[in-house]
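J.: how would this look folded up:
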Amino acid sequence: MSRFRFSSSATVLVVALLGATACTPAKWRDVQNPHTGDVFEENKTGDLTPGAISTGIEAYVVPDRLRGRDNPEQSGEEAQCVLESNDKVRLVSTSLTPAREDEEGLVLVEVIETQQETCQRRRVYVPIRYLAHQPTAKSGTQLAADRYFMIQNLATEKVRVYARAERRGEAHRLVFEADMIAGENDPARTRRSAVGSYRIESWHKFYEDTQSLFTPWYEPGAPALPLPGASLAEWAKSDYLPIRDGRRTGLLRGAFGWYTAKISPNAFAQWTHGTLGWGQDGDRFIKISRDELTNHYSDPRSFGCTRLENAAIALTQDLMPVGARIIKIYAREELADGELKRYAGQSPTSSWDWVLSRDGFRSSNPASSALSAQTLRGVREEDVLERGRYVMDTRPDAVPISEGRAGIDQTGNLYEIPAEDFRGVFLVDEGRLVNYAHPRELRRGGHSDQMLPSFIKAQ
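T.: Numbering: from 1, shown residues only. Model prediction:
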């Protein structure tokens, strides 16, 4: 475990400030996307029209998630069936019934092919405009967004990115796993990270919060940052705050690190982002969450945001574009195959070369920091802030629940949930869940219907 110098009261201040980053109430409302619950899917429609349908014809679902209602009066948020793209249905009736949200016509269908257990052989009402005569081919943008997905296990404070399996029902493959910091376990439980299924809504380079309390890691004209290897207390000094309108601005500089992923829906502004330090510092400012002396003064976790070391968040930004899924769970971890035969012959580590540059300061959806991408873009040497190599942990390891002080040791149960309230297991070598349900003690974000995508469920 990394150790830091704790000789200054500034350390206590920075620990408290790190906990306050970003997490403010979100403004997302489910009613904005009543039929899918997803801003990315609500406008994906098919070619079926009221005048060209008949009882018994078969059709396919177009969006990646579509709520099937038990009756026309039921709200979309109350639906117990969520269909997925290219699920197959048969029209039971051709008469259209208005939906309560926007008077759109609903048609009664029977589900005949789906991976969602709650929808199999079920009759539900769906809007006719979300159905098509033929299966829908994904666009290039959709394929890129679906190539990788991330699972954050709040219980173990581990983040894992997987390459999604090509066929339904197959296991996924781990790309890398890393430590992360989740929200703190405050007595009121309001600062815990929320479980749920989300998508990346936007990426931001050198992010700054709307109140300018946490100023960007890099800003033109701002004082130079501490050198790599500097202590936490050094990073806490006000000398590094930018000067705007003749005065120093903000409480802490660089708390969001290099990149920030804003996620939706219903995320409580609990973003996923980097942290203090340089690439050379590795995960030193992530491991601080497990330092006993730091925890003695204040919990170094956030008010719900999840933090990764900067090279790891840069790699995530390279792999996962806008629309990619981030799924937050709280689960026991196991290996489906203790011998890891699928990973036989594979090195336990892999490397990714990166270049951090000034360009794209505070930009939305910035270019990748991959060395190859920076070279192709012709980034000038004078704009390079740092370059390096991130060594990825590519071997799946399950973190067991163990004895220890939650918040200091990696116990596998950060929020000290009672053993009987765990539901199911997370197979970390497959990127899939078995009989999983979110613990009832935790705040739930993401889709209000709480349906997890079927591709992360093992049959």
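J.: worst-scoring helix or strand of this structure, pLDDT-wise?
T.: helix 292-297 (a mean of 41; mean pLDDT, DSSP states H and E).
J.: and the residue nearest to E219 when sequence neighbours are not counted, what does it touch?
T.: Take E219 and drop its neighbours on the chain: the residue closest to it by CB to CB, 6 or more residues apart in numbering is P242, 5.1 Å away. Placement of C-beta: from N, CA and C, glycine included. Contacts for P242 (CB atoms under 8 Å, 6 or more residues apart in numbering) come out as 215-216, 219, 221-223, 248-250, 253.
J.: just the buried residues of the residues you listed.
T.: 215-216, 219, 222, 249-250, 253 (16 or more other CB atoms under 10 Å).
J.: which one of these is nearest to W278?
T.: R253 (13.3 Å; CB to CB).
J.: hey, where'd the strands end up in the stretch 1-150 of the chain?
T.: 58-61, 66-68, 81-83, 88-91, 97-98, 105-113, 123-127, 131-132, 148-153 (DSSP state E, counting those that start in this stretch).
J.: neighbouring strands - and their directions - for the fifth one?
T.: For strand 97-98, the pairing partners within the sheet under DSSP bridges are strand 105-113 (antiparallel).
J.: next, the buried residues of the partner strand.
T.: 106-109, 111.
J.: quick revisit: with distance to Q74 and mean pLDDT added, can I get the strands of the stretch 1-150 of the chain in JSON lines?
T.: Output for the strands of the stretch 1-150 of the chain, formatted as JSON lines (distance: least, CB to CB, whole Å; pLDDT from 0 to 100):
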{"stretch": "strand 58-61", "distance to Q74": "18", "mean pLDDT": "97"}
{"stretch": "strand 66-68", "distance to Q74": "9", "mean pLDDT": "95"}
{"stretch": "strand 81-83", "distance to Q74": "11", "mean pLDDT": "96"}
{"stretch": "strand 88-91", "distance to Q74": "18", "mean pLDDT": "97"}
{"stretch": "strand 97-98", "distance to Q74": "11", "mean pLDDT": "76"}
{"stretch": "strand 105-113", "distance to Q74": "10", "mean pLDDT": "94"}
{"stretch": "strand 123-127", "distance to Q74": "8", "mean pLDDT": "95"}
{"stretch": "strand 131-132", "distance to Q74": "19", "mean pLDDT": "96"}
{"stretch": "strand 148-153", "distance to Q74": "30", "mean pLDDT": "98"}
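J.: need these in TSV with distance to E234, can you?
T.: Formatted as TSV, the strands of the stretch 1-150 of the chain follow (distance: least, CB to CB, whole Å):
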stretch	distance to E234
strand 58-61	55
strand 66-68	51
strand 81-83	49
strand 88-91	60
strand 97-98	63
strand 105-113	59
strand 123-127	57
strand 131-132	59
strand 148-153	29
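J.: who wins for proximity to R168 among the ones you listed?
T.: Taking the strands of the stretch 1-150 of the chain one by one with CB to CB, strand 105-113 is closest: 10.3 Å.
J.: just give me the neighbour total for T349.
T.: 11 (other CB atoms under 10 Å).
J.: could you number the chain from 876 rather than 1 from now on?
T.: Yep, numbering from 876; the last one is T1224 now.
J.: quickly list what it is bridged to.
T.: Assessed by DSSP bridges, T1224 has beta-bridge partners D1268.
J.: burial of I1138, as a residue count?
T.: I1138 has 27 nearby residues by other CB under 10 Å.
J.: what residues are up against it?
T.: I1138 neighbours (CB under 8 Å, 6+ apart): 1073-1076, 1145-1147, 1201.
J.: okay, A1273: pLDDT?
T.: Listed pLDDT for A1273 reads 97.
J.: tell me if it really is in a helix.
T.: No. Going by DSSP: H, G, I helix; E, B strand; the rest coil, the assignment for A1273 is coil, not a helix.
J.: that one - nearest residue in space that isn't next to it in sequence?
T.: E1208 (3.9 Å).
J.: which strand or helix spans that neighbour?
T.: Taking DSSP states H and E as the definition, E1208 sits inside strand 1207-1209.
J.: elements contacting that strand?
T.: In terms of contacts (3 or more CB pairs under 8 Å, 6 or more residues apart in numbering; DSSP states H and E), strand 1207-1209 is packed against strand 1300-1302.
J.: report the distance from the strand it packs on to the chain centre.
T.: Centre-to-centre, strand 1300-1302 and its host chain are 18 Å apart (CA atoms, centre = their mean, to the nearest Å).
J.: same thing with stretch 1236-1250?
T.: 20 Å.
J.: buried residues in that stretch?
T.: 1241-1246, 1249.
J.: now stretch 1138-1151
T.: Of the residues in stretch 1138-1151, 1138-1151 count as buried by neighbour count, 16+ other CB under 10 Å.
J.: outline the domain layout of the chain.
T.: 884-904+1023-1331, 922-1007 (automatic domain parsing).
J.: pLDDT weak spots in this protein?
T.: Within the chain, the segments meeting pLDDT under 70 span 876-906, 974-978, 1164-1177, 1283.
J.: and the helices in it?
T.: 884-894, 1015-1022, 1107-1110, 1159-1162, 1167-1172, 1185-1194, 1246-1252 (DSSP state H).
J.: go ahead and confirm T1269 touches A1053.
T.: No. T1269 is not in contact with A1053 according to CB atoms under 8 Å; the separation is 10.8 Å.
J.: more crowded one of these two?
T.: Each of T1269 and A1053 has its neighbours counted (other CB under 10 Å); A1053 has more, 21 against 16.
J.: can you pull the contacts of the closest residue in space to the more buried one that isn't next to it in sequence?
T.: Leaving aside its sequence neighbours, A1053 sits nearest to A1187 (CB to CB, 6+ apart; 4.7 Å). Shown in contact with A1187 (CB under 8 Å, 6+ apart): 1034, 1051, 1053, 1149, 1158, 1265.
J.: between these, which is nearest H1322?
T.: The nearest one, if we look at the contacts of A1187 relative to H1322 and count by CB to CB, is V1034, at 20.4 Å.
J.: ok, that closest one to R1280 distance?
T.: Relative to R1280, V1034 is positioned 22 Å away (CB to CB, to the nearest Å).
J.: and G1306, by the same measure?
T.: Using CB to CB, G1306 is found at 29 Å from R1280.
J.: more neighbours: which of the two?
T.: G1306 (27 against 11).
J.: just checking, the more buried one touches V1050?
T.: No. The pair G1306 / V1050 is not scored as a contact, 9.5 Å apart, by CB under 8 Å.
J.: common neighbours of those two, please.
T.: Y1037.
J.: nearest to D913, out of the domains of the chain?
T.: Of those, nearest to D913 by CB to CB is domain 922-1007, at 5.7 Å.
J.: bridging residues for the residue nearest the centre of the chain?
T.: Most central in the chain under CA atoms, centre = their mean is I1201, positioned 2.8 Å from the mean C-alpha point. With DSSP bridges as the criterion, I1201 is bridged to M1025, Y1073.
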